[in-house]
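Asker: sequence first, then the predicted structure:
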There are 2 protein chains.
Amino acid sequence: MLTIGKLGIAAGVKVPTIRYYEQIGLLPTPDRSAGNQRLYNAKAQHRLAFIRHARDLGFPLEAIRDLLSLSDTPEQYCAAADVIATEQLSAVKARIARLTALQAELERMITQCAKGTIADCRVIEVLSDHELCGEGHGARTATRCAP
Amino acid sequence: MLTIGKLGIAAGVKVPTIRYYEQIGLLPTPDRSAGNQRLYNAKAQHRLAFIRHARDLGFPLEAIRDLLSLSDTPEQYCAAADVIATEQLSAVKARIARLTALQAELERMITQCAKGTIADCRVIEVLSDHELCGEGHGARTATRCAP
DNA sequence: TCTTGAAGCTATAGGTACTAGAGACATTAG
DNA sequence: CTAATGTCTCTAGTACCTATAGCTTCAAGA
């Protein structure tokens, strides 16, 4: 059984964040020690690691709640989870493309910087170019710049 | 000259967000029409598209402010610019590494989830398994995905 | 020209996902 | 046993928007 601090280290999540996840119902209320401290088992650690990775992937907490409920009721089809994952995948690919372009421009700037001023800074041009977006623009947060 | 609504459509940013960016000094105060409506030129549109893309890539507004200062003051000393660019470059590289790992994870998820019910679906397992993280996972804070 | 409906204005409040702080109790290393 | 660290609850604050209210301006059709 892990205390909340150990769990946080194991899963890579800060302690107040764990308590916050419990508060909003993403994590079940854990057992308590004689001194009222939270005690977590391996299953809780698994669940928290899942939440943390999904957040890293850009899933909003509500989507994570849905995914968890799908796994909590395994008789359901997985198509809903697959749809969410596929959406996130295209968003991730678009981000990688734009970051790679920005990386190239920053490297060019740093090289140029070795010789004079940055009079021809093109950072804005590089990152304001919609060509790197894919297509649709102006959707909502999670899927911006991704079909 | 664009009105704020047209600008929002062009750059993929909601109208209240544009006003918010102006309020916090990320966008300069624009000209106004006779009837007090904001009017934007192509330069403002470029700048807003840049902000939006940088936000999409996960840069905090303060980092964006730094990046914009590179192009706002091209005459500034290269040393200062170099510091900003180098800082941002390492942030960009870390993001690319992490996103690439996450892309692999998502692709694996989708493949494994292609058929069947949640009972066979390894979405939760894959996403809670630190072994499948790859490198850049946890770049945001030093302690995430700890051993 | 009038009108009507979308789009703009300011100001304020609310939302998501945390994060930090205070002050008290619990646990553990020396 | 004591000192240091960890955990408890609670409240408040942050970053970054987003929605609402109540008003004014603009543009296009009758």
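Answerer: That came in fine, so what should we check first?

Asker: please count neighbours and contacts with C-alpha atoms only from this point.
Answerer: OK.

Asker: whichever strand or helix holds A:Ile18 near chain B anywhere?
Answerer: Counting by DSSP states H and E, the element that carries A:Ile18 is helix A:15-23. No: using C-alpha under 8 Å from any C-alpha of the partner chain, helix A:15-23 never reaches chain B; the gap is at least 12.0 Å.

Asker: for the helix or strand following that helix, packing partners?
Answerer: Once the chain leaves helix A:15-23, the next helix or strand it forms, by DSSP H and E, is strand A:31-32. On a contact count with 3 or more C-alpha pairs under 8 Å, 6 or more residues apart in numbering or on different chains; DSSP states H and E, strand A:31-32 meets strand A:38-39.

Asker: what residues sit buried inside the helix holding A:Ile18?
Answerer: Using 16 or more other C-alpha atoms under 10 Å in any protein chain shown as the test for burial, helix A:15-23 gives A:Val15, A:Ile18, A:Arg19, A:Tyr21.

Asker: for stretch A:43-55, same thing?
Answerer: Buried residues in stretch A:43-55, counting neighbours by 16+ other C-alpha under 10 Å, are found at A:Ala44, A:Gln45, A:His46, A:Arg47, A:Leu48, A:Ala49, A:Phe50, A:Ile51, A:Arg52, A:His53, A:Ala54.

Asker: do that stretch and DNA strand D meet?
Answerer: No: Stretch A:43-55 lies out of reach of DNA strand D by C-alpha under 7 Å from any atom of the strand, never closer than 13.7 Å.

Asker: how far does the helix ranked longest in chain A sit from the chain's center?
Answerer: Assignment by DSSP state H gives helix A:79-113 as the longest helix of chain A. Computed by C-alpha atoms, centre = their mean, to the nearest Å, the chain-centroid distance of helix A:79-113 equals 14 Å.

Asker: between helix A:79-113 and the host helix or strand of A:Leu48, find me the angle.
Answerer: Assigned by DSSP H and E, A:Leu48 belongs to helix A:42-56. If you take axes from the mean of the first three to the mean of the last three C-alpha atoms, to 10 degrees, helix A:42-56 sits at 50 degrees to helix A:79-113.

Asker: so is the helix or strand following helix A:42-56 next to DNA strand D?
Answerer: Downstream of helix A:42-56, the next assigned helix or strand under DSSP H and E is helix A:61-72. No: Helix A:61-72 is not in contact with DNA strand D by C-alpha under 7 Å from any atom of the strand; minimum separation 13.9 Å.

Asker: buried residues of helix A:61-72, list them for me.
Answerer: So helix A:61-72, judged by 16+ other C-alpha under 10 Å, has buried residues A:Ile64, A:Leu67, A:Leu68, A:Leu70, A:Ser71.

Asker: one step back: is DNA strand C contacted by the helix holding A:Ile18?
Answerer: Yes: Helix A:15-23 lies within reach of DNA strand C by C-alpha under 7 Å from any atom of the strand, at A:Pro16, A:Thr17, A:Tyr20.

Asker: the residue positioned nearest the centre of chain A and chain B: what is the separation?
Answerer: Residue closest to the mean C-alpha point of chain A, counted by C-alpha atoms, centre = their mean, is A:Asp56 at 2.1 Å. Note on A:Asp56: its distance to chain B, by C-alpha to the nearest C-alpha, to the nearest Å, is 8 Å.
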